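1. prediction below, plus the sequence it came from.
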Amino acid sequence: MWRFKVYESEDGINQPRDWYQQQSRAVKAAFDGQLFQLSLRKDAPEAVSFRVPGYGEVIGIAFEIDAPEVPDGVINVLAAGFWQKDSSNFVILLFCEETAGDHDPPLYLALELRKACDSGKGRIHEHTRTDEPYD
Amino acid sequence: MIEDLWERFAESKEYRDNFVAAFVKKSIPSQIRAWMKKQGISTQQELAKRSGITQGVISRAANPNYGDLALNTVIKIGSGFDCVFVGKYVPYSEFCKMVVEGSFAEDADSMRSFEEENAEFEMSMREQEMEPSKIESNNEFALAMNELFHREEAKNLDPARQNRPKSEPKKSDKENTPKLEKKPPQSEPEYSEQAIFGKRQRGTR
C-alpha cells in the first residue's frame, strides 16, 4: 500500500495541508477517496504519476475532483512531489490547482521545495486531514 | 488505518457518499488497466473486440474521470477478460473489511481468466491421478476448491436446513417440468470429489 506524505518547509509552511484544509467537506471526501484508491494500486508509480516536463525531479499526480460548488463542477489539481527512495511513500510538495494550463501556485515552487527537501531542510509528515498535531 | 477510515466515515454522510463515489469511480478504470496488462491486451481495440463493444465505450470505461459507466458495459468487459464483475451493496464495515483483507488490491496472481483457472483445475486432477500426495501439499487452487466444497457440504449437513420443510413446486412448474426417463444406475465416477479436491483441508498442511 502506498502512503502519501506532505512536506513542510523550514519556515513552517505546509502548503498541501493548508490547501486541503481550505476545501469543502465534499471536495475533501472526493480527494480522500481518490487518494485511498490510489494507495491500493500496485502500479501507481508508473500508471498515474509522471515527470512534470521542465521541472526536473518533480513528479506529478493529477486529480480531477468533483466539486459541485465550482462553476465547472470539477477541480483539477496536480499533486507535485516525488517518490521517496526505497520506500512506498509519495511526498507531496505542493497542491497546484490547474486552470487552462496554468498552475496555482506555480510549479517552479515545487522545484525549489524539492531542492530544499533534498538538502535536508524542512520536514516530511503524514498527510493528516485535520488540525491534529503532526507525528 | 481502518480506525482512521472509520472516523472519516463517521464525520458525515456527505463525506461518506463523496468518498465512496470517488473511490468506486476510480476503481473500475484502474482494474481495467491492470487486467489488460495481466492478460497482455495491449490495445483498447483488442479488449473491445473480446468484449463485444466498441473501442469508444472501452475508452470511456477506462477513463478515470468518466463517471457514467453503464452496468452492461462493465459486465461485457468482464466477459472480455473472462472473469466476473461482482456488483454488490455492502455495509461500511464490510467495505473496511475488504480493505483490510486486500480485496481491492490489484494482485496480478489473482487476475486469471476462467480458461486459466480451468486449465489449472484440470492439471490438478491429472496430478492427483498420477501422484495423490502432490495435490495435497502443493496446489493452492485445489486447496481453495477443497475448502469451498467442504463449506458447501457443511451447509447441506446443517440440521436447520435439513429440517426445513421442502416447498411444493407450483403447479405451473410441475406442468413445465419435462418428464425424465429413468436412467440405469451409473457406475462409480472415475474421480471421487475427495480425489479431485484432495483429502486435506486448507490450513492442515
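-> Ah, there it is.
2. what pLDDT does residue A:51 get?
-> We have a pLDDT of 93 for residue A:51.
3. which residues touch the nearest residue to it once chain neighbours are set aside?
-> Spatial nearest neighbour of residue A:51, excluding adjacent residues (CB to CB, 6 or more residues apart in numbering or on different chains): residue A:59 at 6.0 Å. Bear in mind the C-beta positions are built from the backbone N, C-alpha and C, glycine included. Going by CB atoms under 8 Å, 6 or more residues apart in numbering or on different chains, residue A:59 touches A:49-52, A:80-83, A:90.
4. tell me how far residue A:60 lies from chain B.
-> Per CB to the nearest CB, to the nearest Å, residue A:60 is found 15 Å from chain B.
5. hang on, the earlier thing: please flag which of the contacts of residue A:59 sit within strands.
-> Mapping these onto strands (DSSP state E) picks out A:49-51, A:80-83, A:90.
6. number of residues surrounding residue B:119?
-> Residue B:119 has 12 neighbours, counted by other CB atoms under 10 Å in any protein chain shown.
7. quick check, the longest helix belonging to chain A touching chain B?
-> For chain A, the longest helix by residue count, based on DSSP state H, is helix A:25-39. Yes. Contact of helix A:25-39 with chain B (CB under 8 Å from any CB of the partner chain) involves A:25-34, A:36-38.
8. picking that back up, against chain B, how distant is the residue nearest to residue A:51?
-> Taking CB to the nearest CB, one finds residue A:59 at 18 Å from chain B.
9. beta partners for that residue?
-> Applying DSSP bridges to residue A:59 gives these bridge partners: residue A:51, residue A:81.
10. now the helices for the chain?
-> Going with chain A. A:15-22, A:25-39, A:44-48, A:108-118.
11. nope, chain B please
-> Using DSSP H, helices in chain B cover B:2-11, B:13-38, B:44-51, B:55-61, B:71-81, B:92-100, B:114-130, B:132-138, B:140-157, B:159-163, B:171-176, B:193-197.
12. now those helices in a markdown table, with distance to residue A:98 and mean pLDDT?
-> What follows is the helices of chain B, written out as a markdown table (distance: least, CB to CB, whole Å; pLDDT from 0 to 100):
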| stretch | distance to residue A:98 | mean pLDDT |
| --- | --- | --- |
| helix B:2-11 | 26 | 88 |
| helix B:13-38 | 18 | 92 |
| helix B:44-51 | 26 | 97 |
| helix B:55-61 | 22 | 95 |
| helix B:71-81 | 29 | 95 |
| helix B:92-100 | 30 | 88 |
| helix B:114-130 | 42 | 84 |
| helix B:132-138 | 52 | 54 |
| helix B:140-157 | 46 | 70 |
| helix B:159-163 | 59 | 62 |
| helix B:171-176 | 61 | 47 |
| helix B:193-197 | 55 | 38 |
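13. quick one on the thing from earlier: buried subset of the ones in strands among the contacts of residue A:59?
-> A:49, A:80-82, A:90 (16 or more other CB atoms under 10 Å in any protein chain shown).
14. so which of the residues you listed is the closest to chain B?
-> Using CB to the nearest CB, residue A:49 comes nearest to chain B of those, at 13.5 Å.
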